[in-house]
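Enquirer: Sequence and computational prediction follow.
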Amino acid sequence: MIRESLMEADRIGSRMQQLRAEGVPEEDQRMLDLSMEKAKALRPLNKLTAEDKVFLARKIERPHIDDYIGALFTDFFEQKGDHLYDDDPAIYGGIARFHGIPVSIVGHRKGHTAEENVAYNFGMAKPEGYRKALRIMDQAEKFRRPIITFIDTPGAFPGIDAEEHGQGEAIARNMARMSSYHVPIISVVTGEGSSGGALAIGVCNRLLMLEYAVYSVLSPEGFASILWKDSSRHGEACDIMKLTADDIKEAGVADEVIPEPLGGGQENPRRLYGSMDMAIEKALSVLMSMTPEELLRDRRRKFRGML
Amino acid sequence: MMKEERERSIRSVFKTVTERIAPDYVNCKACGRRAIRSVWKKNLNVCPFCGYYMPMTADLRLNTLFDPGSREDFNKDLEVRDPLNFPGYAEKAKRAEKKTGLKESAVTSYGRINGIKVVAVVLDTRFFMGSMSSIVGEKVTRAVEAADRERLPLIIFAASGGARMQEGIHSLMQMAKTSSAVQEFSEHGGLYISYLTHPTTGGVTASFATLGDITLAEPGALIGFAGPRVIEQTIGVKLPKGFQRAEYLSKHGFVDKIVKRPDMKQTLYNLLKLHLDSMQGDRL
């Protein structure tokens, strides 16, 4: 596990901060030694296991949807609620501009603190959340706005009210409707994309994945629990599930992997935003040159071909 | 006579004889009482003592539903794929095939219900609990496409433990594929009756099973997205009585009618007729 390496790197980093605060210049031998040490501690990051990537994908410091909206979009207007029953804070979205073009944005919301995560239910949406997403996307279809979705969820919320309100129907309806839109849809898996709760906002023309993001039929814990009745074997599950960005591209599901700074986006968010901006722009410019009918057919063909 | 053939015929005679002397009993999973297999079958797998609904095999379901001689299966030869090279999966699939005579859980057929031709899909729970594999998704999609192409009504008898874990992301993608196919069929004016049987959960519930124009369910069927055990573990609360059963779903507004097995054919026929009579020459 790279957890220890990261902690070690953090310790060295804070020692460097301390020296800096004392006015020690960067070219001082002590600073140079420490930065060498830090690079050495981070060396395991160059060859990460699937389990390492799951760990990084879930890191609380990792940028989330509100960071991406702030960095890549302008004029964001949040749309709240499903206008049927409730507002689910686990789904976030609205209208904004991307490079000046009005677009609709939908994504799972996770927090950077424990309190935020509780408020957003760790990105686990209820039917109301999926219906909020549907409302935003239906309007995108109506007003001919491209849709950009950000996927980051451990799965749809398993709860009594969620079941009573039709969790299955809500997810199914979103997929069916997304398959029928005539506007470009780009989905980006930014963290963990688990189960139907992820796919409910992921029926797209182009699927992009951050380098350390993972996409799977179920969380590794759930997978191990179902197959081996033992959720503690999730490490083993990570290895055989083929859930890393490279695996998903290999499987023909992801179209592009967006490179991340060593150790993950949180190490250098600006660089991550730059790469993500470029990847979305590239995908969008191709899709914007297609007719509405072509966009529909392109998406249907993509998912019809999934074996 | 070939040796195997002779053995087979001896075995079948032996089976008939032994059945007469010591009948082949099946125990009810609910009340534990036993009845002769043929009695179960005649009773459409409903327990003659307590009324418990044992799952119907695809064969029993389709042969009960269709007019005699009208059943015509298609895509029978599609076999389980193993896209992740998952340890032990191929062997387990072979064992399931041997046990059930099926190559996958989904059976797709043409057939007639009191003369009306339909496309029907049954998920047989004896095969990997009816879980959604890429071939289950493919067979369901092809059945929807066949109904669309030939302008026939579509009936899907769902039953599923959820995603086929051994196929990972390929299993997940079937949710989008089947939902997209049903959506296109619906846009073309096709009639889709979703028939939920025990148990319908996970990725099947969250895709084609909940997208029917009409949703029917069998008494007592467990229908839900997350399994009861997962919900209990996540929220740490005891689940209400009857939670996720067909009757509970009907009360919460997700099922049109709960249909007893002996009424299956007549109920479907009535629905087909109601649609047929308004769409004559146009769609059906």
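Expert: It's in.
Enquirer: what residues does the stretch 1-150 of chain B put near chain A?
Expert: B:81, B:83-84, B:86-87, B:134, B:137-138, B:141 (Cβ under 8 Å from any Cβ of the partner chain). C-beta here means a position set from N, CA and C on the backbone, and glycine is covered the same way.
Enquirer: biggest separation within these, which pair?
Expert: Greatest spacing in the residues of the stretch 1-150 of chain B next to chain A, by Cβ to Cβ: B:87 and B:141 (28.0 Å).
Enquirer: Of these two, give the one with the bigger neighbour count.
Expert: residue B:141 (22 against 10; other Cβ atoms under 10 Å in any protein chain shown).
Enquirer: Is there a quick ChimeraX command that grabs whichever of the residues of the stretch 1-150 of chain B next to chain A are buried?
Expert: Only the buried entries of the residues of the stretch 1-150 of chain B next to chain A go into this ChimeraX selection, using 16 or more other Cβ atoms under 10 Å in any protein chain shown:
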select /B:81,83,84,86,134,137,138,141
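Enquirer: now the residues of the stretch 1-150 of chain B next to chain A in a markdown table, with pLDDT and secondary structure?
Expert: As requested, these are exported to a markdown table (pLDDT from 0 to 100; DSSP: H, G, I helix; E, B strand; the rest coil):
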| residue | pLDDT | secondary structure |
| --- | --- | --- |
| B:81 | 96 | coil |
| B:83 | 96 | coil |
| B:84 | 95 | coil |
| B:86 | 96 | coil |
| B:87 | 94 | coil |
| B:134 | 98 | helix |
| B:137 | 98 | helix |
| B:138 | 98 | helix |
| B:141 | 98 | helix |
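Enquirer: TSV please, covering the residues of the stretch 1-150 of chain B next to chain A and showing distance to residue A:221.
Expert: TSV is the format used below for these (distance: Cβ to Cβ, whole Å):
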residue	distance to residue A:221
B:81	26
B:83	22
B:84	18
B:86	18
B:87	19
B:134	24
B:137	25
B:138	29
B:141	30
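Enquirer: Which of the residues of the stretch 1-150 of chain B next to chain A sits closest to residue B:65?
Expert: residue B:141 (21.4 Å).
Enquirer: Let me know whether the closest one touches residue B:175 as I believe.
Expert: No: counting by Cβ atoms under 8 Å, residue B:175 is not a contact partner of residue B:141; they are 11.2 Å apart.
Enquirer: all strands of the stretch 151-300 of chain A, in order?
Expert: A:185-194, A:206-210, A:214-216, A:256-258 (DSSP state E, counting those that start in this stretch).
Enquirer: any idea how far chain B is from the most centrally placed residue in chain A?
Expert: Nearest residue to the geometric centre of chain A (Cα atoms, centre = their mean): residue A:190, 2.2 Å. Plainly put, residue A:190 is 17 Å away from chain B if you go by Cβ to the nearest Cβ, to the nearest Å.
Enquirer: thinking that residue is in contact with residue A:65, fair?
Expert: Yes: contact criterion Cβ under 8 Å: residue A:190 and residue A:65 qualify, at 7.4 Å.
Enquirer: In the chain, what residue spans correspond to helices?
Expert: In the absence of a named chain, this looks at chain A. Using DSSP state H, the helices of chain A run over A:3-21, A:29-41, A:50-57, A:65-72, A:114-119, A:127-142, A:160-164, A:167-178, A:195-199, A:220-228, A:234-241, A:245-250, A:269-288, A:292-304.
Enquirer: nope, chain B
Expert: B:3-21, B:37-42, B:58-65, B:89-100, B:134-149, B:168-187, B:202-205, B:228-235, B:246-251, B:264-279.
Enquirer: domain ranges for chain A?
Expert: Using automatic domain parsing, the domains assigned to chain A come out as A:3-46, A:50-304.
Enquirer: Those domains: which one's closest to residue B:168?
Expert: Taking the domains of chain A one by one with Cβ to Cβ, domain A:50-304 is closest: 5.2 Å.
Enquirer: circling back: most packed of the strands of the stretch 151-300 of chain A?
Expert: Mean neighbours per residue, mean count of other Cβ atoms under 10 Å in any protein chain shown, is largest over the strands of the stretch 151-300 of chain A for strand A:214-216, with a mean of 30.
Enquirer: At the contact with chain B, which residues of the stretch 51-200 of chain A appear?
Expert: A:156-160, A:162-169, A:171-173, A:175-177, A:179-180, A:195-196, A:199-200.
Enquirer: what about 7 Å?
Expert: Neighbours of chain B within the stretch 51-200 of chain A, by Cβ under 7 Å from any Cβ of the partner chain: A:156, A:158-160, A:163-164, A:166-169, A:171-172, A:175-176, A:179-180, A:195-196, A:199.
Enquirer: Report the buried residues of stretch B:141-148.
Expert: B:141-144, B:146-148.
Enquirer: same check, this time on stretch B:38-50
Expert: Counting neighbours by 16+ other Cβ under 10 Å, one finds that the buried residues in stretch B:38-50 are B:40, B:44-47.
Enquirer: Going by distance to residue B:225, which of those residues wins?
Expert: Of those, the one sitting nearest to residue B:225 (Cβ to Cβ) turns out to be residue B:45, at 25.9 Å.
Enquirer: Residue B:35 versus that closest one, what's the distance?
Expert: 11 Å (Cβ to Cβ, to the nearest Å).
Enquirer: can you check residue A:66 too?
Expert: For residue A:66, the distance to residue B:35 - Cβ to Cβ - is 61 Å.
Enquirer: closest one to residue A:34 among the strands of the stretch 151-300 of chain A?
Expert: Of these, nearest to residue A:34 by Cβ to Cβ is strand A:206-210, at 29.0 Å.
Enquirer: Backbone dihedrals for residue B:69, please?
Expert: phi 80, psi 0 (degrees, to the nearest 10).
Enquirer: Please read the previous query as pertaining to residue B:236.
Expert: phi 60, psi 30.
Enquirer: tell me, how many neighbours does it end up with?
Expert: 7.
Enquirer: for residue B:188, same thing?
Expert: Close neighbours of residue B:188, defined as other Cβ under 10 Å, add up to 12.
Enquirer: Let me know which of the helices of chain A is tucked in deepest.
Expert: Of the helices of chain A, helix A:195-199 is the most buried (mean count of other Cβ under 10 Å), at a mean of 29.
Enquirer: next one: that helix to chain centre, how far?
Expert: 12 Å (Cα atoms, centre = their mean, to the nearest Å).
Enquirer: next one: stretch A:232-251
Expert: Worked out by Cα atoms, centre = their mean, stretch A:232-251 lies 16 Å from the chain centre.
Enquirer: next one: stretch B:101-112
Expert: 9 Å.
Enquirer: Check stretch A:270-287 too.
Expert: Distance, centroid of stretch A:270-287 to centroid of chain: 14 Å (Cα atoms, centre = their mean).
Enquirer: CA-only coordinates of it, as CSV, when you get a sec.
Expert: Only the C-alpha atoms of stretch A:270-287 are listed here, as CSV (Å, rounded to 0.1, in the frame of the first residue of the first chain):
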residue,chain,number,x,y,z
ARG,A,270,-4.0,23.4,-11.4
ARG,A,271,-2.2,21.0,-13.6
LEU,A,272,-5.1,18.5,-13.3
TYR,A,273,-7.6,21.2,-14.2
GLY,A,274,-5.5,22.0,-17.3
SER,A,275,-5.4,18.4,-18.5
MET,A,276,-9.1,18.0,-17.8
ASP,A,277,-10.0,21.2,-19.6
MET,A,278,-8.1,20.1,-22.6
ALA,A,279,-9.6,16.6,-22.7
ILE,A,280,-13.2,17.9,-22.4
GLU,A,281,-12.6,20.7,-24.9
LYS,A,282,-11.2,18.1,-27.4
ALA,A,283,-14.1,15.8,-27.0
LEU,A,284,-16.7,18.5,-27.1
SER,A,285,-15.4,20.1,-30.3
VAL,A,286,-15.7,16.8,-32.1
LEU,A,287,-19.2,16.2,-30.8
